[in-house]
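> I need the structure of the sequence given here:
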Amino acid sequence: MKTVFSFTVLMLIFFRLGAQTLEIPHIVSVSVDTITGYPIVNWTMDEPLEVDGFIVKKLIVGGQGVISGTFNNIAVVSNNSTFSYLDDKESFGTKAEPQKRKEFYSISSYKNDENGQQKLSLMSEAVSTQTLSGDFDYCTNTFNFQFSKNQEFGAKIMHYCLRTGFPFSKRLLITKDTVCSFQFTDYQEIRNFAIETVYSDNSSSFSPIITVKSQETKIPQTLEISSVSVNDDEKLEIKYSISEASSTEKLLLHRSCKQAGEEVTFEISPKSGVVVDTNAVVSEIYDYSLTALNSCDVPIKVSEVLSNVVLNVEQSPQGNSNVLTWNSPNYFQPLEIEKTEIYRSQDGGDLQYADYVTSYYTEYNESLSNIIANSDLHKGNFCYKIKILKKNQDDFVFSNLACIDLETVIYIPNALNPKSLNYDNREFKPKADFIDDYKLVVYDKKGAVVFFSDEISTGWDGYNRQGKLCVPDTYIYQISFKNSSGKIIHKNGVVNLVY
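Residues are numbered from 1 along each chain as shown. All right, here's what the predicted structure looks like:
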């Protein structure tokens, strides 16, 4: 038994020494052909004329008639000046699939002796194809790649290049790492990629070409706030629209107010509609805008900023008019506005159309002369609202309801003459407005009541309560009323009766 073992060892040594007399080929690269997708094995020899050809060996996995996981001959290159082989054949029932796995190769040289016996070199060191995998990150719109490092045989690896667009590929980036990422500014649903390894001798090899499918972020063509208007409940109502065919998964409404120094953001429905901002104060100017986000919470579009219309009302310094001012809506150009309608209510009544101004006006003066001259008594409460209409469209916005309580206006004469030719002088009748609960009492010098009225339109004509004309004299009056703030005011004085 010991003798047989010794003989086997001697034979192995003999054959090994014999094989070593032939030069072992040197594999310089295993690349993948960018046209066919099959591996290309490249090698060199120092003394190629000393051999007759080469044998290509491949690690067979799951092949027929061989032990899986062993190197087997797949081709004979019977030309000592050929140093490349394209593995496009089926060997042992399998084809090279470098896109799915690493394919390992080894090369032996051979020489036929004078007796026709084939003499083989030892196998070269095994070299594999490069692996490449990639995916698309929708959230960052980035292609990410990972690949195996190539082996160095003599020539050093200078760097790796990511390429795309095969068969007419272009270089995207250069890296020395085996991971890289790239973003495109344009969208293509499917792209192909490969890694090129560049060596110090200016040679290169390629990984298999892979295809990566991307997903486009569809930016909404329409994203706008069409109006910010005050509704019947005195709440700000924001009407907006957004394209349905988009990647919008979430829609945010931003509200900012310089006056209050606040910024608020809240989520609304990603479909066109109307939202009521119940927390907004309609007498303050807000800037509203929309931001559309995709499923990754990445903003994909922002709308223009729109503001609400705020109406203010003040009494003029002269006290003879109410002055209305408002800001122009920034989404209506002056030429687009048809007119601004003025609506007014008095003393808690319903709003009634009062007047209008043309598109270029953001101010309106309403004279109080006719109102004060009217015989009707007013409490002094005025409320206004404006409606801005856009030309040739059913597009309009309402402002807030702006109210004012006017100061009391009262003029008390000091004499009356029942026989005067001037009708206005025949009565003692104060002229007043913007008061409530009016009462007038006139006394003689003895304190007897000669006249009483709770109607501003009814004055004392000089006759007592029995219907007799009072004697010319000085009489005392007392006037009481509530002003526009609800405070009770008393005024006392004297009036002269003459005739």
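> tell me which helix or strand Tyr475 sits in.
If you go by DSSP states H and E, Tyr475 is part of strand 473-482.
> and that strand, how far from the chain's centre?
Mean-position distance between strand 473-482 and its chain equals 69 Å (C-alpha atoms, centre = their mean, to the nearest Å).
> strand partners of it, parallel vs antiparallel please.
strand 436-443 (antiparallel), strand 488-497 (antiparallel) (DSSP bridges).
> what residues sit buried inside the first one?
Okay, so that is strand 436-443. Neighbour counts over strand 436-443 (16 or more other C-beta atoms under 10 Å) mark 436, 438, 440-442 as buried. Where C-beta positions appear, they are placed from N, C-alpha and C, glycine not excepted.
> any idea which element the residue nearest the centre of the chain lies in?
In the chain, the centroid-proximal residue (C-alpha atoms, centre = their mean) is Thr291; its distance is 2.5 Å. Take DSSP H and E as the rule and Thr291 turns out to sit in strand 287-293.
> now do that strand, average pLDDT.
Mean pLDDT, strand 287-293: 97.
> list the neighbouring strands of that strand plus their orientation.
Using DSSP bridges, the strands paired with strand 287-293 are strand 250-257 (antiparallel), strand 299-302 (antiparallel), strand 306-307 (antiparallel).
> quick one: contacts of it?
For strand 287-293, contacts defined as C-beta atoms under 8 Å, 6 or more residues apart in numbering pick out 219-220, 223-225, 228, 238, 240, 242, 246, 248-258, 270, 299-308.
> before we move on, what about stretch 36-47?
Stretch 36-47 is contacted by residues 23, 25-33, 51, 54, 56, 80, 83-88, 96, 98-99, 103, 105, 107, 109, 124, 127, 129, 205, 208-209 when judged by C-beta under 8 Å, 6+ apart.
> recalculate using a threshold of 7 Å.
The contact list for stretch 36-47 (C-beta atoms under 7 Å, 6 or more residues apart in numbering) reads 23, 25-33, 56, 83-88, 96, 98-99, 103, 105, 107, 109, 129, 208-209.
> do the same with stretch 102-112
22-25, 27, 30, 39, 41, 43, 45, 51-59, 71, 96, 118-124, 126-129, 131.
> so which bits of it are buried?
Quick answer for stretch 102-112 (16+ other C-beta under 10 Å): 103-111.
> next: stretch 191-206.
Neighbour-count burial for stretch 191-206, counted by 16+ other C-beta under 10 Å, picks out 191-199, 204-206.
> what's the answer for stretch 172-190, then?
172, 175, 178, 180, 182.
> hmm, which two among those residues are most spread apart?
Based on C-beta to C-beta, the longest span within the buried residues of stretch 172-190 runs between Leu172 and Thr178 and measures 15.6 Å.
> quick one on the thing from earlier: quick check, distance from the strand holding Thr291 to the centre of its chain.
On C-alpha atoms, centre = their mean, the centre of strand 287-293 falls 6 Å from that of its chain.
> go on, stretch 206-215?
Distance of stretch 206-215 from the chain centroid (C-alpha atoms, centre = their mean) equals 31 Å.
> quick one: mean pLDDT over it.
97.
> now stretch 115-130
The average pLDDT within stretch 115-130 is 95.
> straight-line length of it, end to end?
By C-alpha to C-alpha, to the nearest Å, the extent of stretch 115-130 from end to end equals 41 Å.
> and it, which residues are buried?
120-121, 123-124, 126-130.
> and the contacts of that stretch?
So stretch 115-130 is in contact with 19-20, 22-27, 30, 32, 39, 55, 57, 71, 98, 102-113, 147-148, 150-151, 195, 207-208, going by C-beta under 7 Å, 6+ apart.
> how is this structure carved up into domains?
2-128, 133-213, 223-288, 311-405, 409-497 (automatic domain parsing).
> format those domains as JSON lines; extra columns: distance to Ser295.
As requested, these are exported to JSON lines (distance: least, C-beta to C-beta, whole Å):
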{"stretch": "domain 2-128", "distance to Ser295": "30"}
{"stretch": "domain 133-213", "distance to Ser295": "8"}
{"stretch": "domain 223-288", "distance to Ser295": "4"}
{"stretch": "domain 311-405", "distance to Ser295": "30"}
{"stretch": "domain 409-497", "distance to Ser295": "57"}
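> could you measure the residue nearest to Ile285 when sequence neighbours are not counted against Asp135, distance?
Counting by C-beta to C-beta, 6 or more residues apart in numbering, Val310 is the residue found nearest to Ile285 once chain neighbours are left out, at 5.1 Å. Going from Val310 to Asp135 by C-beta to C-beta, to the nearest Å gives 52 Å.
> ok, the residue lying closest to Thr217 once chain neighbours are set aside - contacts?
Spatially, and ignoring its direct neighbours in sequence, Thr217 is nearest to Ser247 (4.9 Å; C-beta to C-beta, 6+ apart). If you count contacts by C-beta under 7 Å, 6+ apart, Ser247 has them with 217-218, 294, 300.
> so where does Ser247 fall, helix or strand?
Using DSSP H and E, Ser247 falls within no helix or strand.
> show the model's pLDDT score for it.
95.
> go on, Leu17?
Leu17 is given a pLDDT of 43.
> also Leu377?
Leu377 is given a pLDDT of 71.
> okay, the closest residue to it other than its chain neighbours and Glu234: tell me how far apart.
Of all residues not flanking Leu377 in the chain, Ile456 sits nearest, at 4.7 Å (C-beta to C-beta, 6+ apart). Between Ile456 and Glu234 the distance, using C-beta to C-beta, works out to 33 Å.
> tell me which strands whichever strand or helix holds Phe452 pairs with, and in which orientation.
Using DSSP H and E, Phe452 maps to strand 449-453. Applying DSSP bridges, strand 449-453 is found paired with strand 436-443 (antiparallel).
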